[in-house]
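> no sequence for this one, just the structure:
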């Protein structure tokens with residue numbers, strides 16, 4: 001499910017695909033509210049019923065390597081806290 005440049009997810013506008021792996025795709029995007037570049041990771045729909053993956057997904061956003069400019073969303077579009 002590669003998102004084309006220009007796709008809007010709320011206030012975020014996709015600029016390019018940065019990479020893809022077992023936990024989803026990561027995109028460079030523009031936060032149009034704060035006028036800054038962010039990374040958005042999208043979990044593939046095929047993993048939306050995998051409890052282990054869903055539990056790991058929000059933890060990535062709070063890991064020591066997580067950037068303050070990363071937004072993580074699950075397949076429903078929710079942003080974990």
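That came through, no problem. Owing to the predicted nature of the structure, the values given are computational and were not obtained by experimental measurement.
> Every contact and neighbour count from this point should use C-alpha atoms.
OK.
> For residue 15, see how far away residue 32 is.
Separation of residue 32 from residue 15 (C-alpha to C-alpha, to the nearest Å): 12 Å.
> ok, those two, which is more surrounded?
Each of residue 32 and residue 15 has its neighbours counted (other C-alpha atoms under 10 Å); residue 15 has more, 19 against 13.
> just checking, that one touches residue 30?
Yes: under the criterion of C-alpha atoms under 8 Å, residue 15 makes contact with residue 30 at 7.0 Å.
> just for this protein, where's the confidence low?
57-81 (pLDDT under 70).
> Go again with 80.
Judged against pLDDT under 80, the low-scoring parts of the chain cover residues 1, 22-23, 43, 45-50, 53-81.
> longest strand in this protein, by residue count?
As assigned by DSSP state E, the longest strand anywhere in the chain is strand 12-21.
> Go through that strand and flag the buried ones.
12, 13, 14, 15, 16, 17 (16 or more other C-alpha atoms under 10 Å).
> same question, stretch 32-46
For stretch 32-46, the neighbour count (16+ other C-alpha under 10 Å) marks 37, 38, 39, 40, 41, 42, 43 as buried.
> Max pairwise distance over the residues you listed: which two?
37 and 43 (19.8 Å; C-alpha to C-alpha).
> Kind regards, and thank you for your time.
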